[in-house]
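# got a predicted structure here, sequence first:
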Amino acid sequence: MNGETLTTIVAIFLAAILIGIFPMMSIAERNDDISQLSINTSISEFVDTVRKTGRITTETYDALILDLYATGNTYDIAMEAQILDENPSKKTTQADETKIGENIYYSVYTSQIEKALEENGAYILKEGDMITISASNSNTTISQSLKNFFYSLAGNNNYSIVASQTGIVAVNGS
């Protein structure tokens, strides 16, 4: 076997890798992009529903989870409801004479909201409360695996699909 034959074999092997692997990486990245768009839309619609109805129901939460998992990935979902606690006091620094004190928010998190959903079927919010939800993929996608193999860019703690949305509740839930 001479040097030219070895060079030809290596060139054919590299061409096969380039023809097979890089298109697969491109398709995997596109799949992550589609998943990203899908969870952005799902989370945005969920927050808009909560803003308009003033409540998180078991049905809407389950529908959100189904929408997220329909992408073929698993997600860590975090919710935070910031509840407006009007704290009247005798002093005020604002110029509004109808307001007695300052508004304080306290937070309720995912586990507390899920517990209320199990017990009551709904978590009720009131006008002025804020809802924040975020989701990040907890599995390693094909795109992340290929990037780890070829570029060593993505690590175990890097998420490639992440979405977050916040909204202020516009009505009192009932």
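In hand now; what should we look at? Residues are numbered from 1 along each chain as shown.
# so for the helix or strand hosting residue 59, what gets flagged as buried?
Taking DSSP states H and E as the definition, one finds residue 59 inside helix 58-69. For helix 58-69, the neighbour count (16 or more other CB atoms under 10 Å) marks 60, 61, 64, 67, 68 as buried. Where you see a C-beta, it was placed from the backbone N, CA and C, and this is true even at glycine.
# correct me if wrong: the first one contacts residue 51.
It stands for residue 60. No: in this structure, residue 60 is not within contact of residue 51 by CB atoms under 8 Å, at 11.8 Å.
# quick one, what contacts the residue nearest to residue 172 when sequence neighbours are not counted?
Of all residues not flanking residue 172 in the chain, residue 126 sits nearest, at 4.7 Å (CB to CB, 6 or more residues apart in numbering). Applying CB atoms under 8 Å, 6 or more residues apart in numbering to residue 126 gives the contacts 54, 83, 84, 169, 172, 173.
# just the buried ones out of those residues, please.
Applying 16+ other CB under 10 Å to these flags 54, 83, 84, 169, 173 as buried.
# what pairs with the second one across the strands?
In other words, residue 83. residue 106 (DSSP bridges).
# just the pLDDT at it, thanks.
In this prediction, residue 83 carries a pLDDT score of 89.
# same question, residue 159
So residue 159 comes in at 59 (pLDDT).
# now swap in residue 9 and tell me
88.
# again, but for residue 16
pLDDT, residue 16: 81.
# so which helix or strand takes in it?
helix 3-53.
# show me what that helix is packed up against.
On a contact count with 3 or more CB pairs under 8 Å, 6 or more residues apart in numbering; DSSP states H and E, helix 3-53 meets helix 58-69, strand 130-137, helix 142-150, strand 162-168.
# can these go into a markdown table with extra columns for distance to residue 13 and mean pLDDT?
Listed next are those as a markdown table, based on distance: least, CB to CB, whole Å; pLDDT from 0 to 100:
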| stretch | distance to residue 13 | mean pLDDT |
| --- | --- | --- |
| helix 58-69 | 39 | 94 |
| strand 130-137 | 33 | 93 |
| helix 142-150 | 16 | 74 |
| strand 162-168 | 37 | 91 |
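# save these as a markdown table, and put in distance to residue 75 too.
Converted to a markdown table, the helices and strands packed on helix 3-53 look like this (distance: least, CB to CB, whole Å):
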| stretch | distance to residue 75 |
| --- | --- |
| helix 58-69 | 5 |
| strand 130-137 | 4 |
| helix 142-150 | 14 |
| strand 162-168 | 9 |
